[in-house]
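> no FASTA, just this:
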């Protein structure tokens, strides 16, 4: 009885020991076996943590994922709970990765914005340079055109000046001619010197009566392109030969006076017309006085005078 | 007998304790409160994901989050509160993943657009300068 009792006790303790051992064994066997999927989650997390672009970003989410992976790695006999933890770990690792990628993209955007700004700046700089170049060209062209315009203006001014000058000159000439009391005729400007210049029957010019001739000399001096024909006339008193000779002498007298005043002899021609071409009736004394004359015909009257 | 009696008594007390503990645990397991905080968190995470255009950028994850939330609600009606809590947490994790993926995709889309426009700008500039020089 005692034996059997003892035997029974040994059997019982052996059973207990076996059970304990079994439990311990089971515990030991379960300990190294991680739930399915936990390793994959850990691998993904490790990859994320070793990515230089992503590891430093979304640090909080990565830490959260790490905790979830550690929980998933715990041995768990409850299969549903183990799968749940793995599920959470997997999603949290993915979430951390996506958040890090989003942050990385946002950080890249700073560089992209800088790139874009630089590109835009470059583009604007080039545009500005091109515009500057065009402006310079335009300015150069403008300067040329301005110069041309200035030249044209100068020319115009010169032309105006010349015109004004010639007008002035023409006016001056007209004044001179007016001063000479010359008459425009078909032959040219005709200046009639009355016989008051000469003593009757003589060809010598009266002294003190040369005022009009001096004006003529000044005129001819001023207008060297004008030539002069000096024609002497007489009245009908006396013989034709006498009158012809007298008219010639008087014309010559005027010519020599003008020559003495510095007018070139080549510009002066003297001729006697005698009693021909009377300008008045020889019957009266006043008519004969008008016929006794020297006419100075100034050739090439300027166009302005016509 | 006098020795065995207290020994017997003392060995019975822990058994009673274990039994009552098991009973209490069983009671707890059979009627735990619904995981309303977890369910609410999942709903909020889904709402946030939808605001972040997850329906467009991460429709798979968003759909999964909705499905898990439905499973959690079903578990609550079946009084499987632990399961309900797990589904709620999974729904939330899925919804947060949907949000994160949407953010990453949107950010990358913006970057791609910027890169494209930058390269277009550079191309135009090269062409422009080529014409002018």
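Yep, that arrived. None of these values were measured; they are calculated from a predicted model.

> ok, now which ones touch the closest residue to residue B:102 other than its chain neighbours?
Closest residue to residue B:102 apart from its sequence neighbours, by CB to CB, 6 or more residues apart in numbering or on different chains: residue B:57 at 3.8 Å. C-beta coordinates here come from the backbone N, C-alpha and C atoms, glycine included. Applying CB atoms under 8 Å, 6 or more residues apart in numbering or on different chains to residue B:57 gives the contacts B:101, B:102, B:105, B:106.

> Quick check: the third one touching residue B:61?
Same thing as residue B:105. No - between residue B:105 and residue B:61 there is no contact, the gap being 11.3 Å when judged by CB atoms under 8 Å.

> between those two, which one's more packed in?
Set residue B:105 next to residue B:61 and count neighbours by other CB atoms under 10 Å in any protein chain shown: residue B:61 wins out with 25 against 19.

> If we ignore the residues flanking it in sequence, what's nearest the more buried one?
residue B:98 (3.7 Å).

> Quick check: residues of chain B near chain A?
Counting by CB under 8 Å from any CB of the partner chain, the residues of chain B close to chain A are B:83, B:86, B:89-90, B:93-94, B:96-97, B:100-101, B:103-104, B:106-108, B:110-111, B:114-115, B:117-118, B:121-122, B:124-125, B:128-129, B:132.

> Just the buried ones from the residues you listed?
B:83, B:86, B:89-90, B:93-94, B:96-97, B:100-101, B:103-104, B:106-108, B:111, B:114, B:118, B:121-122, B:125 (16 or more other CB atoms under 10 Å in any protein chain shown).

> picking up where we left off before, and the residue nearest to residue B:61, how close does it get to residue A:157?
Distance, residue B:98 to residue A:157, by CB to CB, to the nearest Å: 86 Å.

> Those two - which one has more neighbours?
residue B:98 (32 against 11).

> Check the contact between that one and residue B:51; I expect there is one.
No - when contacts are counted by CB under 8 Å, residue B:98 is not listed as touching residue B:51 (11.1 Å).

> shared neighbours of these two, which are they?
Taking CB under 8 Å, 6+ apart as the criterion, residue B:98 and residue B:51 do not both touch any residue.

> which residues touch the residue of the stretch 101-250 of chain A found nearest chain B?
Chain B sits closest to residue A:105 of the stretch 101-250 of chain A, with a gap of 3.5 Å, by CB to the nearest CB. Counting by CB under 8 Å, 6+ apart, residue A:105 touches B:104, B:107, B:108, B:110, B:111.

> Strands - which of those residues land there?
Assigned to strands by DSSP state E, none of those qualify.

> What residues does the stretch 51-200 of chain A have near chain B?
Going by CB under 8 Å from any CB, the residues of the stretch 51-200 of chain A near chain B are A:61, A:80-81, A:84, A:87-88, A:91-92, A:94-99, A:101-102, A:105-106, A:108-109, A:112-113, A:115-116, A:119-120, A:122-123, A:126-127, A:130, A:133.

> Go ahead and build a ChimeraX selection from the buried members of those.
Of those, the buried ones go into a single ChimeraX selection, burial set by 16+ other CB under 10 Å:
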select /A:61,81,84,87,88,91,92,94,95,96,97,98,99,101,102,105,106,108,112,115,116,119,123,126
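
> what separates the residue nearest to residue B:102 from residue B:105, distance-wise?
Per CB to CB, residue B:57 is found 4 Å from residue B:105.
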